[in-house]
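Trainee: need a 3D model of the following:
(chains A and B, ligands or ions: 3)
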Amino acid sequence: MRLAYYPGCVAQESGKELDMATRWVARKLGIELVEFPKFSCCGSGFVDEANMVLNVALNARNLSFAEAAGLDLLTICSTCQGMLTLANRKLEEPAIRTRVDSALGQLGLHYSGTTKVKHLLQVLTESYPPEKLQPLVVRPLRGLKVGAFYGCHLLRPQGELPGEDGEDPHSFEDLLRALGAEPVMYRGRVMCCGFPILFVKEGTANRIAGRQIEDAAAHGAHAMATPCPLCHISLDSFQNHAAREVGHPLDMPIFHLPQLVGLALGATPEELGLARHLVDTEAALRRIGTVATPA
Amino acid sequence: MVESVSVPLSVYRFDPGRDASPRYVDYRLDLPRHTPVLTALLKIRSEIDSSLSLRYSCRSAICGSCAMLINSKSRLACQTQVGPELDLHGRIVIDPMRNQPVLRDLVVDQRPFWQDYERILPHLVTDPRHPMPEGKPNPMTPEQVERFHETPRCIACGACYSACPAKEADPTFPGPMALAKLYRFVVDPRDGATRERLLRIQPGGLWTCLRCHLCTTSCPKDVQPSERIRDLKELAIREQGATEAGSRHAVGFKENLHDRGLLNEMRLVRQTDGVLGMLRQAPQGIRIAAKKPELLHKPRRIEGQEEVRRLYELLEDEEGGA
Ligand code: SF4
Ligand code: SF4
Ligand code: FES
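Mentor: Numbering: from 1, shown residues only, chains lettered A, B, ... in the order given. Ligands and ions are numbered 1, 2, ... in the order given. Got it, this is the predicted structure:
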C-alpha cells in the first residue's frame, strides 16, 4: 500500500514520537509513506475560524499534490483529518469551489476533489482487520486496560471516520482488542480534550482534560491512547496542570495510537520515543512485560 | 404483528426532598424495536411506577420538552428509538440533561438555559436607518433567507446545552443554543444590533467554544450550532478585529502559516499571550522542552511557501464567511 503521508505540524515538532511510531508501524506493515515537503499546516481549526475560504484553499492545495500523484492521503491527527475532510466537503458548495479553483489556478494547481483522506485508525481498521493483524502481534498487550480517546475531529461534525457514529464509535476499541489490550468504556472517550482553548483559557482547558483523565481512571484504565497529537499535548504535556485543576494528582500514561500498535508488533520503547512523554509510561509497560518488574 | 424485544432500562431517579442521593432503578419491558424511548418511559409510568417524573408534550419532536440523556447522549426521548440503542449498548440508561440542576427524576431546572438565552438580546432590534415599512410586508431575498441556514428551526429543547463540554467546564459560557440564536439575529437583514450583541457576548463567550461539535450531533433539528459559532467567530474578527485572546490566537495562527506554512508552537504562544503571558508559562515551557527539544529549534518552512502567501493575497481581503 502506498499513501501520501501527511504528518501535520505537531508530529514534526513537539510530537516527533508520533511520527517515529507511525514510520515504525508503516515499515512493519509494508505501508509505503510518500512524503511531500510542500504540504502546509491544515490550519488546525484556527485558520478556519479566521477565514473559512482561505482554509479550504490551503487544504485544497495540500490535497492537490496527493491527487496529482494518484494517492490517498494518510493523516495521523484527528484535527488534520477533520480539516482536510472539511475542505473536501466545502468544495462541494459551488460558490466556494469557484473561488478556490480560481485561486489554485493562479498557482498553476488544480484539485478536482478526488483525494480520499484517511486517518491511520481507518487505514488499520480497513486493511488490517483482526484476522490479519493478530498473527503479527508478538507482544499482546494482555492485562493492559486502555481508555481510547478519539479526539473530536475524528468523529464530528459528520462522518470523519466513515461508518462510525459521532458519539458512539467502536473502531479504536476493536483495534485495541486485536492488539490484546482490554478497552475501557467511559463517557470521556468521545469528549473534547480542551486543546482548542489551551492557550486561550488555560484553566478551563486543563479542567476539561482533567475530567476525561479522571473518568478513564474511574473506569479502571491503566493508560489512555489517542489518535491525535493535540489531545496528547492536553492530556500528557499538560497533565500536571490538569491535576491542579481537578484538585488531586493524576498519573495516567498517554500513548499515541501507533505507539500501542508498535509495542504489540515488537517495537522497543526507544523506537517509539516513549521517553519523550511528560507522564512516565513505565508502569503501563511493566504490565505488558516490555520493561521488567523490579525484583 | 411486529416482533417485540426485551428492553432493559436503567432510569435515574432522584427526589431531592426525599432521597439522600440519586439512584438507578432497573426495568425490563417487551417492546417493538421502533418504540420511542419516551413511549417506554410512559409505559413504566402508567404500568409500573406512577411517581416517575419527566417532561413531554407533543411526542413528535416539535415542542422540545423531552430532551434527556439516552446512553449518555443528549437526545429527544420521543425521537430516539430503542432498537438502535440496544444494538450499540445492549441496554438503555436514562439520565436527566446535564448542565442544569435536577428538580426531580428526569426533570431539570431550565433557568440557566433561559438566562443564557436572555444574554444575547433574543428579539429583533430594528435598525433605525432601515425602518420597517408601515403596514406593508418586508420581504427578504432568497439569498438573505439562505444566510439563516437552519437556525430558525431551533425548538429550544436544550439538548445541545446539555451536551456542551465548554458549558460544563465554564458556567459563564452561554452555550450553543444562545449562540446559534445570536447568529440568527446577526444575519437578519431587519436587525440593527449586531455590534451590541457581539460586544455583549464576546468577553468570555464566543471564544470558549471548543468546536467539539457535540452540540451539532445532539441537535434534533439540524441547527448545527457549532457551524454557526464558527461563522460568528469569523464575523467577529471582521467586525471588531482580534480583541480577545481567542481571536488573537486564531489570527496569530493564520499569520504563522502565512510566514512559514507550518505552525511554530513557541511563536504562537507569544502571539496569543504576549511576552508577559509567555513568561508566566515559562516553567511549563521549560519542563516540556526538556523532553521535546524541537520546540527550541529554529522554525522550519515548507517548500513552496510562496504559493501559500499567494493564496493569502488572493483570498484574504475578499468578503466571505457568514
Ligand atoms: S462546539 Fe462549542 S458550543 Fe458546541 S458543544 Fe462544543 S464547545 Fe459547546
Ligand atoms: S439548537 Fe438544536 S439542540 Fe439546541 S436547543 Fe435548538 S433544537 Fe435543541
Ligand atoms: S415530547 Fe415534544 S419534543 Fe419530545
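
Trainee: so how far is ligand 2 from B:Gln104?
Mentor: To be clear, residue B:104 is Arg; Gln isn't right here. Distance of B:Arg104 to ligand 2, computed by Cβ to the nearest ligand atom, to the nearest Å: 22 Å. (Each C-beta comes from the backbone N, C-alpha and C, glycine too.)

Trainee: return the set of residues that bridge with that residue.
Mentor: Per DSSP bridges, residues listed as beta-bridge partners of B:Arg104: B:Val107.

Trainee: quick one: residues contacting it.
Mentor: The contact partners of B:Arg104, by Cβ atoms under 8 Å, 6 or more residues apart in numbering or on different chains, come to B:14-16, B:53.

Trainee: same check on A:Pro130?
Mentor: A:174, A:177-178.

Trainee: just give me the neighbour total for the nearest residue to A:Arg156 once chain neighbours are set aside.
Mentor: Excluding its sequence neighbours, the residue lying closest to A:Arg156 (Cβ to Cβ, 6 or more residues apart in numbering or on different chains) is B:His213, at 3.6 Å. B:His213 has 27 neighbours, counted by other Cβ atoms under 10 Å in any protein chain shown.

Trainee: show the pLDDT at B:His213.
Mentor: What the model reports for B:His213 is a pLDDT of 97.

Trainee: most neighbours among the contacts of A:Pro130, which one?
Mentor: A:Ala178 (23 neighbours).

Trainee: pretty sure that one contacts A:Gln134?
Mentor: Yes: counting by Cβ atoms under 8 Å, A:Gln134 is a contact partner of A:Ala178 at 5.8 Å.

Trainee: ok, the residue nearest to B:Arg287 when sequence neighbours are not counted - contacts?
Mentor: With sequence-adjacent residues excluded and distances taken as Cβ to Cβ, 6+ apart, B:Arg287 is closest to A:Leu278, at 7.2 Å. A:Leu278 makes contacts with A:236-237, A:239-240, B:287-288, B:291, as judged by Cβ under 8 Å, 6+ apart.

Trainee: write out the residues of chain B neighbouring ligand 2.
Mentor: B:154-160, B:176-177, B:180, B:218-221, B:223, B:225 (Cβ under 6 Å from any ligand atom).

Trainee: most neighbours of all those residues, which one?
Mentor: Result: B:Pro176 is most packed of the residues of chain B next to ligand 2 (other Cβ under 10 Å), 32 neighbours.

Trainee: how close does that one get to A:Ser64?
Mentor: According to Cβ to Cβ, to the nearest Å, B:Pro176 and A:Ser64 sit 34 Å apart.

Trainee: quick one: the helices in chain A?
Mentor: A:16-29, A:46-50, A:52-68, A:78-90, A:94-106, A:120-127, A:130-133, A:152-155, A:171-178, A:202-218, A:229-232, A:239-246, A:257-264, A:282-287 (DSSP state H).

Trainee: quick one on the thing from earlier: out of the contacts of A:Leu278, who's near ligand 1?
Mentor: Within the contacts of A:Leu278, nothing lies near ligand 1 by Cβ under 6 Å from any ligand atom.

Trainee: with neighbour count and pLDDT added, can I get those in TSV?
Mentor: Output for those, formatted as TSV (neighbours: other Cβ atoms under 10 Å in any protein chain shown; pLDDT from 0 to 100):
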residue	neighbour count	pLDDT
A:Asp236	28	98
A:Ser237	22	96
A:Gln239	23	98
A:Asn240	16	97
B:Arg287	13	91
B:Ile288	21	91
B:Lys291	16	93
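
Trainee: where does the chain have low pLDDT?
Mentor: Picked chain A for this. A:292-295 (pLDDT under 70).

Trainee: meant chain B actually
Mentor: In chain B, residues with pLDDT under 70: B:1, B:275-276, B:278, B:317-322.

Trainee: buried stuff in stretch A:249-261?
Mentor: Residues of stretch A:249-261 classed as buried by neighbour count (16 or more other Cβ atoms under 10 Å in any protein chain shown): A:250, A:252-261.

Trainee: centre of the chain to that stretch, how far?
Mentor: Relative to its chain's centre, stretch A:249-261 lies at 12 Å (Cα atoms, centre = their mean, to the nearest Å).

Trainee: of all the helices of chain A, which one is nearest B:Ser57?
Mentor: Across those, the minimum distance to B:Ser57, taken as Cβ to Cβ, is reached by helix A:152-155, at 32.1 Å.

Trainee: I'd assumed B:Arg301 was in a strand, is it?
Mentor: No: per DSSP: H, G, I helix; E, B strand; the rest coil, B:Arg301 lies outside any strand segment and is coil.

Trainee: quick one: the nearest residue to it once chain neighbours are set aside from B:Ser57, how far?
Mentor: Excluding its sequence neighbours, the residue lying closest to B:Arg301 (Cβ to Cβ, 6+ apart) is B:Arg260, at 4.7 Å. According to Cβ to Cβ, B:Arg260 and B:Ser57 sit 56 Å apart.

Trainee: then B:Ser50?
Mentor: On the measure of Cβ to Cβ, B:Ser50 and B:Ser57 end up 19 Å apart.

Trainee: residue contacts, the closest residue to A:Ala221 other than its chain neighbours?
Mentor: Closest residue to A:Ala221 apart from its sequence neighbours, by Cβ to Cβ, 6+ apart: A:Gly147 at 3.7 Å. A:Gly147 is in contact with A:183-184, A:186, A:188-189, A:215-216, A:219, A:221, A:223-225, counting by Cβ under 8 Å, 6+ apart.

Trainee: recalculate using a threshold of 10 Å.
Mentor: A:172-173, A:176, A:183-186, A:188-189, A:212-213, A:215-226, A:252, A:254 (Cβ atoms under 10 Å, 6 or more residues apart in numbering or on different chains).

Trainee: of the residues you listed, just the buried ones, PyMOL syntax please.
Mentor: In PyMOL, this line selects whichever of those come out buried by 16+ other Cβ under 10 Å:
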select buried, chain A and resi 172+173+176+183+184+186+188+189+212+213+215+216+217+221+222+223+224+225+226+252+254
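
Trainee: name the helix or strand for B:Asp26, please.
Mentor: strand B:23-32 (DSSP states H and E).

Trainee: list the buried residues of that strand.
Mentor: Those would be B:27, B:29, B:31, for strand B:23-32 by 16+ other Cβ under 10 Å.

Trainee: now, which of those sits nearest ligand 3?
Mentor: Nearest to ligand 3 among those: B:Leu31, at 17.4 Å, using Cβ to the nearest ligand atom.

Trainee: quick one: that closest one and B:Ser4 touch, right?
Mentor: Yes: counting by Cβ atoms under 10 Å, B:Ser4 is a contact partner of B:Leu31 at 5.8 Å.

Trainee: looking at the helices of chain A, spot the one closest to ligand 3.
Mentor: Among the helices of chain A, if distance is taken as Cβ to the nearest ligand atom, the winner is helix A:152-155, at 25.4 Å.

Trainee: residues in contact with A:Leu124?
Mentor: Going by Cβ under 10 Å, 6+ apart, the list of residues near A:Leu124 reads A:25, A:29, A:31, A:118, A:132-133, A:171-172, A:174-175, A:178, A:227, A:257-258, A:261.

Trainee: change it to 6 Å
Mentor: A:Leu175 (Cβ atoms under 6 Å, 6 or more residues apart in numbering or on different chains).

Trainee: what about it, distance to chain B?
Mentor: 22 Å (Cβ to the nearest Cβ, to the nearest Å).
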